[in-house]
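**Student:** With the input below, show me the fold.
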Amino acid sequence: MTSTESYTAVATKAREATEKSVESWKQGAKTFTDQANVVAKMPAVDLTQPVARYFDFVQKSVDLNRDLATRWAELVTSMTGTVREQAEKVSSIVKDQTDRAADVATESAHKAEELAQEQADLAEKAEKEQERLARQAERAAAREAKAKAREPYEELTKAELSDQLAERGLPKSGNVEELIERLVSADSE
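**Tutor:** Here you go, the predicted model:
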């Protein structure tokens, strides 16, 4: 509600109060005239003083309403400036807080993205390391299997190795290592 609307509302209330007072006086006067016959039968009464007091009361009510409306209008005017100042301060604070919150959210999002990238890099490195270790383990297992397959032939002489190759129908030429390898290959087939 603007100060003009508030002042208008107060002025309207003052007018309404005055109209009610006047209406009350009119009804009193009407009642008085309607009962003139009763008054005529009554002993003589001087109504001048009560009527004067009534109008003094009405005048005081109007003055009081005018003073009240004026003070209220002054108060609304001074409050309007204060409210405007407070609203400007609040909007400034809200804008600052919004900017800060946006900055924090943006910074957090960047940090989360960096952290996710670091985690992805670490996961990729771990996967590569696991693959390397798996290949290494496979090679070690193959070497061990090969060594185990060679064990029965390691203690044999070249002649004994040649005899075994002859029994299998394999060539007997080459050094001891070649003969052992030929026997191991034949065993794995």
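**Student:** moving C-terminal of the helix-or-strand element of the chain with minimal mean pLDDT, what's the next helix or strand?
**Tutor:** Least confident helix or strand of the chain, by mean pLDDT, DSSP states H and E, is helix 36-41 with a mean of 58. Per DSSP states H and E, helix 36-41 leads on to helix 48-154 as the next helix or strand towards the C-terminus.
**Student:** Which pLDDT value belongs to the residue of the chain positioned farthest from its centre?
**Tutor:** Taking C-alpha atoms, centre = their mean as the measure, the residue most remote from the mean C-alpha position of the chain is residue 159, 87.0 Å away. For residue 159, the model assigns a pLDDT of 92.
**Student:** center of this structure - which residue?
**Tutor:** residue 101 (9.5 Å).
**Student:** returning to what we had before: from residue 149, how far out is the residue farthest from the centre of the chain?
**Tutor:** Taking C-beta to C-beta, to the nearest Å as the measure, residue 159 falls 21 Å from residue 149. Bear in mind the C-beta positions are built from the backbone N, C-alpha and C, glycine included.
**Student:** do residue 94 as well
**Tutor:** On the measure of C-beta to C-beta, residue 94 and residue 149 end up 80 Å apart.
**Student:** Of these two, which one has the most company?
**Tutor:** Taking other C-beta atoms under 10 Å, residue 94 and residue 149 do not tie; residue 149 has more neighbours (16 against 10).
**Student:** residues touching that one, list them.
**Tutor:** By C-beta atoms under 8 Å, 6 or more residues apart in numbering, the contact list for residue 149 reads 184, 187, 188.
**Student:** Which residues are in contact with residue 78?
**Tutor:** By C-beta under 8 Å, 6+ apart, residue 78 has no neighbours at all.
**Student:** per-residue confidence for it?
**Tutor:** pLDDT, read off for residue 78, is 77.
**Student:** what does the one 5 residues further on give?
**Tutor:** What the model reports for residue 83 is a pLDDT of 70.
**Student:** and it, how many neighbours?
**Tutor:** Neighbours of residue 83 (other C-beta under 10 Å): 11.
**Student:** how close does it sit to residue 72?
**Tutor:** Taken as C-beta to C-beta, the span from residue 83 to residue 72 is 15 Å.
**Student:** Kindly report the same for residue 123.
**Tutor:** Taken as C-beta to C-beta, the span from residue 123 to residue 72 is 72 Å.
**Student:** domain parsing for this protein?
**Tutor:** Here the domain assignment for the chain is 3-91, 155-188, based on automatic domain parsing.
**Student:** got the buried residues for the shortest one?
**Tutor:** The reference is to domain 155-188. Of the residues in domain 155-188, 156, 161, 162, 164, 165, 179, 180, 181, 182, 183, 184 count as buried by neighbour count, 16 or more other C-beta atoms under 10 Å.
**Student:** Need the per-residue pLDDT for residue 115.
**Tutor:** At residue 115, pLDDT is 83.
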